[in-house]
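*Asks:* this one's sequence-less:
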Ligand SMILES: Cc1cc2nc3c(=O)[nH]c(=O)nc-3n(C[C@H](O)[C@H](O)[C@H](O)COP(=O)(O)OP(=O)(O)OC[C@H]3O[C@@H](n4cnc5c(N)ncnc54)[C@H](O)[C@@H]3O)c2cc1C
C-alpha cells in the first residue's frame, strides 16, 4: 500500500482531482477508509484530503426550519450542535451513540454518508428525515434524496467523480433507537428512525398519517416501512392499534440471518423497536426500556467505589481486623 | 517510627511513564540491522503439506529470505516445542493442524515487503479430515489431530503421558474421593446438567512481539513480550541443544498478557531465523494474528449431583472436556489443576472428577486469567442455583449450608486452611443487601439478582528466586524474573522489600526480567507471583537486613543484637544512627560495594496419588472469589443490563489496596465480556470473527454502573507464616463468580436458565419464548 495525500483548498480542485482517475479516493476522517485499506479492499494511489476545506464544515439553519450541514462537519460537532438538537432530534440521538467518541471526533458527515456500510446509524435517520444529499462533480451540483442514495454493500448513488458537499435536512420531530447486541459501542444490530413534521405536533401528539419510519442495519441498505406508514394512516393512535399494525407489517419483511443475530430474532427486534419508537413519537410516551426520553446513552454512572472495603474495615464477625 | 509500606495504596510506580508514553515496551524496540518477519499461515484446518513454493515471494523487492521448516530443522536439535507436550513445530512440516498455523516466515528489510512476500508464498496441501468440537473429538472414530503423542520434559508432574496413539485425548485426569456413584444412587434428589463455554481470546493491547539476535560466542538473545522469560530460556536451550547460559531472554513492561504470553510463542521462530540468517529478526504480529496464536479453552461440562432431603450435597460427579486446539500448550495442566476444583467450593463427601484435555483442529488454547476456573464455575455455580431453587431453598442459604470450611477436607483430600469461603459469602450477603427484598422494575423490564463463588488452587509446585542488592549509596535494586504486565507486581515488590528494609517503596528499583542477570522464576501466571516471589524477596531482603545490622553494629562499635533497622538506618540502643550509605562507607572504606541478599522459595507439595488425585498438600494456597450481580432483563427482547456487579474476594493481606481493588474490578470486567459477548466463532475450522472489529470486548460503557470490590483479609496463623505478610494473589479472583452470578440473576428475573455462554440477548429471548411455550422455568 502506498499513496500520496493531496490537500486541495477549493472544492473545484478537489473535484478535479477525484475526477482525474480511478485510483484517487477522498479521505475525510479516515475512520472507515483506513480499515478498507488495511484489509486490501481498496488500493488507491492518491488520497484527496478535505482537511484544507474549512468552507465545507459547519451547520446552518435554513428558512424551512431545517439544516444545511457541510459535508466536512465532524460528527462530534454535529452531536454538540444546538441547532441539531432543536431541529433534528433523531439525528442527535443517533450521533450520541454512533461508534465511540474517538470515531466521532474525526469522522465527518460526508464520510458517514458516502461510506455505504450497511450497519451504520445515520442512513435510516437521513432516510426517515427525507434528507437530500448535495454532491458536486465535474458536471456541477445535484441533490440526491437519501431514500435513493444507499444502494447496497459499500455502494451508493454518489459518482466516483463526485464529492459530497452538504446534507439538507428538513426539520423533524422523532426518535432514533439503536440496538447493539454485543457491546455498548458496537455497530448497530438495528437502527430505527421515526420522524414526523414538526407542524404535525403543534397541538399535542402528531397524527398517525404523516409518520415516516426507516430501518437500518438489517439489510444491505436502509429502507422505509412504507406499508406500515400507510397502514398507520388508518390506525387509531392507541398502543394496541400501533402494535397490531407493526406486527402485520413486520411479518412481510424479507430479513436474513446476520452476524450477530438470526433472521427470526432480527425480525422480532424490528417489531419491538419500531413499536416502541412509534409509541414514543405518536403517544408521547417515554421509552419503555430506558425511562429516559432522550435515551442517548446507556445508563452509566461513575463506577462506584463507595463500598470498597480496605484493610481496616470491619470483618465478618463485626470486629476490626 | 517508619511508616508501613505493606498496606499502602501506592499508585503504581511506573504510572507516570506509562501515561506519558515513555515506558519501555518490547513493541517499541528496534535493533540495528534487523530483518522484519511476517508469518505465512495455513488456510487449511488439517492437511498434508505437499510443497511450499517461495520463488515469487523471494522475487519481491526487499525480501531477503523465506524460511520454512526445512531451514529451521537444520539448525535445531529437536523438532517440537511445548510446555506440556513437546508437540508444536516451530514451522509446520508434514502436516498443518489448524487455520492460522505458521508454515513459513518471510524476512525482509521492511515489514511491508515481508507482508507482500508472505502473500506470494504458495503452499500446496492435500486436505485431511478435521474435527473441531471437543465432544466430537472424543468419539472412537474421530479424525486424529496427532498420530502420536510425546510428553515434554518441562513438568515432572505431567510425565508418563508419552507414547499415546489413536486418540485425541491428550490427558485424562481423574479424581476419586469416596464413592460418588454409590452416593448418587442413594441420594434423595439427583440433578444432571450440561454447561458449555466457547473459545475466547485474551486480546492484549500489545500483540505478541519478539526480536532474536545472535551475539558474542553464539549467545542467542531474545527480546520478547513474554510472561515467563525463564521458561523460554529453558525451552530455547533444549531446542538448540545449548547450555542455558548461551540463551538470554529479556522483557520489559507488557501491554497485557492475561496468560497468552506464557510458554514459547514467537521466541523459537525469531531465534531460529536469527541463527539461520545471522541477522537480528523482529516479528510483531497483528491483533488479528493474536486470535490464532492462543485462545481460552472451549469446554463442555456435565455435572451429576446428589442432594439430601435437607439440602446437603452428598455426591457430585463432574465430567469436564477441554478443547485444547491443535497443540496442547499448557492445556493438560489446565485440565488437571483446575479439573480437581470442578466440584466447587463445597464440602462434599463423595466426589468423582473426569477432566480431559482434547485436541481439535482449532487454534491452540492455553492459560487465561482464571486458568479454567471461570469455565468450571460456570457449570457448578449455575447448577448450585438450579438445585437450590428446585428445592425451594434460598440460593445463598444453600451455599452457606454446603460450603467447604477451614479444617474440612477438599475433594483432593487436602484439608482447607486460611481460605475464607465463609467470609466471602458473608460479604456477598452483606454488600448485596441479600436479606432485603429487591425493588422490582416496571414492565416490560424485570429485575433479578444472583451470586456465585469460585475456588482456585494456586499452581503448585513452582519456584521463585530473587536477589536484593544494596548499593554503595544505600539504594536498593531488586532482581527477579516476574514480568509486570499491568498487575503492578513491581510496585508490590518494592513495597515488600521497603517494608523489610524500613525505607520508602518509591526508593526501590525493580528490574525487568533478563535471564542474563535476573534469577529463575517459573513464570508470571496463575496469581502466583506475589506469594512465591514475595516470599523469595522477603527472604532476600531479610538477608540484606542481617548484613546491614552486622556491618552497622561493627561501625557503631556495639554488639549486632543490640542494633535495629529504622527509617533506612542502623540504630544503636543509645540513639546513634547510621544511614545505609554510611554503613556502606564504613564497611568498604568508600562509596562502593554491594550487600546482596538471596531468596529462594518452593512451597511444600505432596504429589497426588495417580488415579484418585488424593494428596495431603495439593496447593500452596487457595483463592476464593465471589460475585453478586443485579440485572434488568427486557422481557420483550431478552436484552440484559447488568446494573450492579460486586466482587468479594479473599486477598489474604492487601499489600496495595488500590491495586487489589483495580485487579478485582478489571478481572470482573474482563469476565463480564466473556459472559456477554465474547466467543470465537468457527465455520469449518475457519475463524469468522477475527480481530477487534468483529470480536467485541467490553469498553468503558459496558462497565456496570455500579461496579465494586470488597475484600476479605483472612488471617490464619499457619498460612500467614508461609506467606509474605499474609498476602495472596488477586489477579484472577475477580473472574470466578461473574458468569454464573449474571446467569443466576437472569434466572431470578425471568425464570429461564442459560447453560451456554455467551449469554446473548437472543439466547435469553429464545429461552423465554420456549418457557412461554410450556418449557420449564426451573
Ligand atoms: C471503531 C469504529 C466503530 C464504528 N461504529 C459505528 C457505529 O456504531 N455506527 C455507525 O454508523 N458507524 C460506525 N462506524 C463507521 C463510521 O461511522 C465511519 O467510518 C465514518 O462515518 C466515516 O467517516 P470518515 O469521515 O471517517 O470517512 P472516511 O473513512 O474518510 O471515508 C469513508 C468513505 O467515504 C468516502 N468519502 C468521505 N468523505 C466524502 C465526501 N465528502 N464525498 C464523497 N465521498 C466521501 C471515502 O472516500 C470513503 O470511501 C465505526 C467506525 C469505526 C472505525
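*Replies:* Looks like it arrived, so ask away. It should be emphasised that the depicted structure is a prediction, and the values quoted were computed from it without experimental measurement.

*Asks:* Beyond the helix or strand in which residue B:319 is found, next helix or strand please.
*Replies:* According to DSSP states H and E, residue B:319 maps onto strand B:313-325. Remark: after strand B:313-325, the chain's next helix or strand is helix B:331-333, criterion DSSP H and E.

*Asks:* strand partners of the helix or strand following that next one, parallel vs antiparallel please.
*Replies:* Next helix or strand after helix B:331-333 toward the C-terminus (DSSP H and E): strand B:350-359. As defined by DSSP bridges, the strand partners of strand B:350-359 come to strand B:169-177 (antiparallel), strand B:313-325 (parallel).

*Asks:* out of these, nearest to residue B:305?
*Replies:* The closest of the strands paired with strand B:350-359 to residue B:305 is strand B:313-325. By Cβ to Cβ, the value is 4.8 Å. All C-beta spots, glycine's among them, are computed from the backbone N, C-alpha and C.

*Asks:* pLDDT on that closest one, on average?
*Replies:* In this model, strand B:313-325 carries a mean pLDDT of 98.

*Asks:* In the chain, what helix or strand scores lowest on average pLDDT?
*Replies:* All of this is about chain A. Here the helix or strand of chain A ranked lowest by mean pLDDT, DSSP states H and E is helix A:33-38, holding a mean of 92.

*Asks:* that's the wrong chain, I meant chain B
*Replies:* Lowest-scoring helix/strand for chain B, mean pLDDT, DSSP H and E: helix B:717-722, at a mean of 73.

*Asks:* That one and chain A, any residue contact?
*Replies:* No - residues of helix B:717-722 are not located near chain A by Cβ under 8 Å from any Cβ of the partner chain, the shortest gap being 12.5 Å.

*Asks:* So which elements touch that helix?
*Replies:* The helices and strands touching helix B:717-722, judged by 3 or more Cβ pairs under 8 Å, 6 or more residues apart in numbering or on different chains; DSSP states H and E, number zero.

*Asks:* Any idea how far it is from the middle of the chain?
*Replies:* Taking Cα atoms, centre = their mean, to the nearest Å, one finds helix B:717-722 lying 25 Å from the centre of the chain it belongs to.

*Asks:* Identify all contacting residues around that helix.
*Replies:* B:417, B:418, B:535, B:603, B:620, B:621, B:652, B:726 (Cβ atoms under 8 Å, 6 or more residues apart in numbering or on different chains).

*Asks:* So which of those sit within helices?
*Replies:* residue B:535 (DSSP state H).

*Asks:* Dump the contacts of helix B:717-722 to CSV, plus pLDDT and neighbour count.
*Replies:* Supplementary listing: those in CSV, determined by pLDDT from 0 to 100; neighbours: other Cβ atoms under 10 Å in any protein chain shown:
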residue, pLDDT, neighbour count
B:417, 92, 14
B:418, 92, 21
B:535, 97, 24
B:603, 96, 20
B:620, 94, 25
B:621, 94, 25
B:652, 93, 30
B:726, 90, 21
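
*Asks:* Closest to residue B:758 out of the contacts of helix B:717-722?
*Replies:* Nearest to residue B:758 among these is residue B:621, at 31.1 Å by Cβ to Cβ.

*Asks:* my read: the closest one touches residue B:458, true?
*Replies:* Yes - counting by Cβ atoms under 8 Å, residue B:621 does reach residue B:458; the two are 5.3 Å apart.

*Asks:* Mutual contacts of those two, please.
*Replies:* Contacts common to residue B:621 and residue B:458, judged by Cβ under 8 Å, 6+ apart, are B:531, B:729.

*Asks:* now residue B:691: how far from chain A?
*Replies:* According to Cβ to the nearest Cβ, to the nearest Å, residue B:691 and chain A sit 9 Å apart.

*Asks:* What values do phi and psi take at that residue?
*Replies:* With angles defined as degrees, to the nearest 10, residue B:691 sits at phi 90, psi 160.

*Asks:* which non-adjacent residue is nearest it?
*Replies:* In space, residue B:691 comes closest to residue B:288 once its chain neighbours are excluded; the distance is 4.4 Å by Cβ to Cβ, 6 or more residues apart in numbering or on different chains.

*Asks:* So that neighbour, which state does it fall into?
*Replies:* Put simply, residue B:288 is helix when judged by DSSP: H, G, I helix; E, B strand; the rest coil.

*Asks:* Count the neighbours of it for me.
*Replies:* By the measure other Cβ atoms under 10 Å in any protein chain shown, the count of residues near residue B:288 is 18.

*Asks:* Residue B:389 too?
*Replies:* 19.

*Asks:* which helices and strands sit right next to the helix or strand where it lies?
*Replies:* Element membership of residue B:389 [criterion: DSSP H and E] is helix B:373-390. Applying 3+ Cβ pairs under 8 Å, 6+ apart, we find helix B:373-390 packed against strand B:189-197, strand B:298-307, strand B:313-325, helix B:395-402, strand B:445-457, helix B:738-750.

*Asks:* Please identify the deepest-packed of the ones you listed.
*Replies:* Each of those was scored by mean neighbour count; the highest is helix B:738-750, a mean of 28, by mean count of other Cβ atoms under 10 Å in any protein chain shown.

*Asks:* So which residues make contact with the least confident helix or strand of chain A?
*Replies:* A:1, A:25, A:27, A:42, A:43, A:44, A:47, A:111, A:154, B:693.

*Asks:* which residues does the fourth one contact?
*Replies:* Each residue near residue A:42 by Cβ under 8 Å, 6+ apart is listed here: A:25, A:33, A:36.

*Asks:* how much space is there between the first one and residue A:15?
*Replies:* This means residue A:25. 14 Å (Cβ to Cβ, to the nearest Å).

*Asks:* possible to save the strands paired with strand B:350-359 as CSV with distance to residue B:389?
*Replies:* CSV is the format used below for the strands paired with strand B:350-359 (distance: least, Cβ to Cβ, whole Å):
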stretch, distance to residue B:389
strand B:169-177, 27
strand B:313-325, 15
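
*Asks:* nearest to the ligand, of those?
*Replies:* With Cβ to the nearest ligand atom as the criterion, the ligand lies closest to strand B:313-325 of the strands paired with strand B:350-359, at 28.6 Å.

*Asks:* Now do residue B:723: how many residues are near it, please.
*Replies:* 24.
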